[in-house]
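Q: Model the structure of this input:
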Amino acid sequence: MVPSKVKVENQNSQNRRIMKAIQTIAVASAFALALCGCGGSGAGSTGAGAAADDSTALVKVQTVSEQSVEQTTELTGNIEANRVNYIAPTIPGRVTNIAVEAGDRVRKGQLLVQMDNTSLVQAQVQLANAEKELSRVAELHKSGSATQQQLDQLTAQVDVAREQVRNLAENTELLSPIDGVVTARTFDAGNIYGGAQPILTVMQMIPVKVLVNISEIYFPQVKTGMDVRVRLDVYPDRTFTGRIRIIYPTIDQLTRTFNAEVVIDNADMTVRPGMFARVELNFGTEKRVVVPDLAVIKQPGTNARYVFTVENGLARRHELQLGRLIGNRYEVLSGIAAGAQVVIAGQSRLLDQMVVRVDE
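A: Numbering: from 1, shown residues only. Okay, here's the model as predicted:
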C-alpha cells in the first residue's frame, strides 16, 4: 500500500512540473507578442505619418493685385412721362365731340374735346346785356343822373359775368396744355361726363424720366447734371444717356436711400412710359484688389463671402466685403491686400490653419 501512495505523489509532482512549463511558455509567448505589438506600433506610427502626408491638401493659388476699377452702381426703376395731364371739365356735362384718338400726337393749345355749349351761350348773352347796361349807366353817371354806387355795382356784375364766361369757355372747349401723346380715351361723343374719370390722358414723352432710390453712401457724390447710362430690357443692345435733374433733399430712415430724378431726352420717342430701366451711375475709378470668382466661397445660410490664402504653408480664411463682379473677377472692398496668394482650386475641403501644399 505504501508504494502505491508514493507512486501517486510522484505522478502529482510530475503534473505540477508540466503545468508550470506550460505557464512559462504562455508568459514567454505573451511577452513575444507584446514585443511584436511594440514593433507594430512603430510601423503604425510610420503609417500615420504617411497618412498625415496624404491628408495635406493640394491647392492651386493665384497672386492678386490692384487694378483700376470703375466705381459704378446700378439702380432700377420704371420709365415715367415727363408730364401727365388728365383732360376733363371741372363741371359735369355732355361730351359733344372728341377730336383725337389714343396714340395721336397733339400740340399745346390744340382742341381735344368739345363739350355741350348751352351754358356758355347763355352766359355770353347775359354778359352782353350786362355790358350794355354798364355802358348806359356810365353815360348817366357822367351827366349826374346815376350815382357812383350804381356804376360800381354794375361794373362788379360785368366782371363776374366775364369770369363766368371765361370759365365756361374753358370747360366747353378742352385744349391740350402740353405737346404730347394721347395715351387713354375713356369717353365717346354723346356720353355724359360726371367727374369719375378723365375723358382723355395726355403724356409728355419728350423727355421722359426715371425716379431711382440711391443708397445714402452716395449722397455726397451725386450731383445735378451728372450724366448716367440707362439700359432697357426691351432694348438689350442699346444704351441711352440720361442726366440727373432733381435730387431730393432728405434720406429715408427706413431704407437709408434718397430719391433722384433722371431725365432722358428721348427725341425719337423710342423710350416709353412703363418700361423697366436700369440706371448706372459712374463715380470714376479707384485702385482696388480684384480676386477671381473661382476663389470666392459663399458661406451657406448667410451672405458672407470668403477666400483662402496660403501663408507659410498654411491655409488662412479671410472674409471679404465685395463690390462689383467685373467679368470673372470680384472687386474687393476689404478683407485681403494686394500680393496675397489666393486659393483658386482645392479649397472645398480646406479649414483655417490647415497644412497645404501648393501645386506648382
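Q: I'd like to know how many residues surround residue 163.
A: When neighbours are counted by other CB atoms under 10 Å, residue 163 registers 12. For the C-beta atoms, the positions are set from N, CA and C on the backbone; glycine is no exception.
Q: With residue 330 instead?
A: Residue 330: 22 neighbours (other CB under 10 Å).
Q: And it, how far from residue 205?
A: In this view, residue 330 and residue 205 are 39 Å apart by CB to CB, to the nearest Å.
Q: Equivalent analysis for residue 193, please.
A: Per CB to CB, residue 193 is found 26 Å from residue 205.
Q: One more: residue 114?
A: For residue 114 relative to residue 205 (CB to CB), the value is 25 Å.
Q: Between these two, tell me which one has more neighbours.
A: Neighbour totals were compared for residue 114 and residue 205, and residue 205 leads with 22 against 15 (other CB under 10 Å).
Q: The more buried one contacts residue 272, correct?
A: Yes: Residue 205 is within contact range of residue 272, at 6.9 Å (criterion: CB atoms under 8 Å).
Q: Which secondary structure state does residue 159 sit in?
A: helix (DSSP: H, G, I helix; E, B strand; the rest coil).
Q: Provide the count of other residues in contact range of residue 242.
A: Residue 242, neighbours per other CB under 10 Å, totals 24.
Q: right, I mislabeled it, should have said residue 281
A: Per other CB under 10 Å, the neighbour tally for residue 281 reads 21.
Q: One more: residue 79?
A: 23.
Q: swap in residue 222?
A: By the criterion of other CB under 10 Å, residue 222 has 15 neighbours.
Q: For residue 247, see how far away it is.
A: According to CB to CB, residue 222 stands 6 Å off from residue 247.
Q: so what sits against both of those two?
A: residue 260 (CB atoms under 8 Å, 6 or more residues apart in numbering).
Q: show me the contacts for the residue nearest to residue 190 when sequence neighbours are not counted.
A: Spatial nearest neighbour of residue 190, excluding adjacent residues (CB to CB, 6 or more residues apart in numbering): residue 95 at 6.6 Å. Contacts for residue 95 were tallied using CB under 8 Å, 6+ apart; they are 113, 114, 115, 116, 187, 188, 189, 190, 191, 192, 193, 199.
Q: Kindly write the ChimeraX command that selects the buried subset of those.
A: For the buried members of these, the matching ChimeraX selection, counting by 16 or more other CB atoms under 10 Å, is:
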select :113,115,187,193,199
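Q: Surely residue 341 touches residue 62?
A: Yes: between residue 341 and residue 62 there is a contact under CB under 8 Å: 7.2 Å.
Q: Comparing these two, which shows the higher neighbour count?
A: residue 341 (18 against 15).
Q: Which residue is the nearest non-sequential neighbour of the more buried one?
A: Counting by CB to CB, 6+ apart, residue 341 lies nearest to residue 61, which is 4.2 Å off, once chain neighbours are set aside.
Q: Specify the beta-bridge partners of the one you found.
A: Assessed by DSSP bridges, residue 61 has beta-bridge partners residue 343.
Q: Next up, the contacts around it.
A: 309, 310, 341, 342, 343, 344, 358.
Q: do the same with residue 345
A: By CB under 8 Å, 6+ apart, the residues touching residue 345 are 59, 60, 294, 359.
Q: quick one: which two of those residues are the most distant?
A: 294 and 359 (14.3 Å; CB to CB).
Q: Which one of those two is surrounded by more residues?
A: residue 294 (16 against 10).
Q: Can you give me the distance of the residue nearest to that one when sequence neighbours are not counted to residue 295?
A: With CB to CB, 6+ apart as the criterion, residue 294 has its nearest non-adjacent residue at 4.7 Å, and that residue is residue 344. From residue 344 across to residue 295, the span is 5 Å (CB to CB).
Q: All set, thanks.
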